[in-house]
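*Asks:* Sequence unavailable; structure follows:
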Ligand SMILES: NC(=O)C1=CN([C@@H]2O[C@H](COP(=O)(O)OP(=O)(O)OC[C@H]3O[C@@H](n4cnc5c(N)ncnc54)[C@H](O)[C@@H]3O)[C@@H](O)[C@H]2O)C=CC1
Ligand SMILES: O=C(O)C1=N[C@H](C(=O)O)C[C@H](O)C1
């Protein structure tokens, strides 16, 4: 029998971390060996014999946590936001010196969300205009969401590859922020509202028609199959994978 994956969860007292602790504990092929909150020494992960680390902390902590994991030969599955291009490049450079170690940075672990972003990228070349609205609970510390940034990047790359220009926009006068954030030429609008969990709409507009691709996470349980898939797959994918779609066969 294959021995269970020895998993440490960082951010274990947070909304996502607490859910991940439950999911890992319930998985028959995994053993939860450490569950750390803010201020607890990372060395405890090593003392516990972890081979895999899940990071669900905050943008200010995640980079140091993941670097620690890689430097100690642990595979890492990362859901925390804040991994911009510079941070990903620095991590990829570090991983080059640790060729057997894998890191997954997943802006969104929900399968439906990953599919929605992929569908949006596929549709994007056929529409004049594309904008994104992301809607989250008001305790979220970052905006726009990591998922919206990733979706905008995918949409932008797909449009560039097809030679489609940025959508028309005649705005000459606007209050700051009224047109949202510009992510690779795609406007992203962030809503924060009590009662929401994590939601996104990609609006695609052409003459006389609109396609809306919407995904809703009503519960953080929606993210757990992706966390477990990431843990089961990460060792077989050395180096840095950005997006859970890297482990899925979306074109099959
Ligand atoms: N990829 C995905 O599918 C998802 C990603 N997220 C992202 O995950 C992150 C966490 O989200 P939430 O759980 O909602 O936030 P949260 O604020 O509820 O939890 C974060 C926890 O991390 C702890 N923490 C901070 N620094 C730490 C450190 N160095 N070591 C250990 N613990 C530390 C905090 O004390 C807190 O308990 C955010 O960046 C969020 O955007 C959230 C939901 C889904
Ligand atoms: O903070 C959250 O809640 C979420 N964060 C991730 C993001 O920023 O995209 C994933 C999901 O949207 C929930």
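*Replies:* Sure, I can see it. Just so it is clear, the structure is predicted and the values come from calculations on it, not from any experiment. Ligands and ions are numbered 1, 2, ... in the order given.

*Asks:* In the stretch 1-150 of the chain, what residue comes closest to ligand 1?
*Replies:* Closest contact between the stretch 1-150 of the chain and ligand 1, by CB to the nearest ligand atom, is at residue 14 (2.0 Å). Every residue, glycine included, has its C-beta placed from N, CA and C.

*Asks:* That residue reaches residue 57, doesn't it?
*Replies:* Yes: in this structure residue 14 lies within contact range of residue 57 using CB atoms under 8 Å: 7.2 Å.

*Asks:* Can you pick out the residue with more neighbours from these two?
*Replies:* Between residue 14 and residue 57, counting by other CB atoms under 10 Å, residue 57 is the more crowded of the two (25 against 17).

*Asks:* For the residue nearest to the more buried one when sequence neighbours are not counted, grab phi and psi.
*Replies:* Excluding the flanking residues, the one nearest residue 57 by CB to CB, 6 or more residues apart in numbering is residue 11, at 3.9 Å. For residue 11, the backbone dihedrals (degrees, to the nearest 10) come out as phi 90, psi 30.

*Asks:* In contact with residue 11, which residues are there?
*Replies:* 17, 36-38, 55-58, 80 (CB atoms under 8 Å, 6 or more residues apart in numbering).

*Asks:* one more time with 7 Å, if that's ok
*Replies:* 17, 55-57 (CB atoms under 7 Å, 6 or more residues apart in numbering).

*Asks:* rewinding a little: my understanding was that the residue of the stretch 1-150 of the chain closest to ligand 1 contacts residue 55; is that so?
*Replies:* No: the pair residue 14 / residue 55 is not scored as a contact, 10.8 Å apart, by CB atoms under 7 Å.

*Asks:* What segments of the stretch 51-200 of the chain are helices?
*Replies:* 59-71, 85-96, 111-123, 146-161 (DSSP state H, counting those that start in this stretch).
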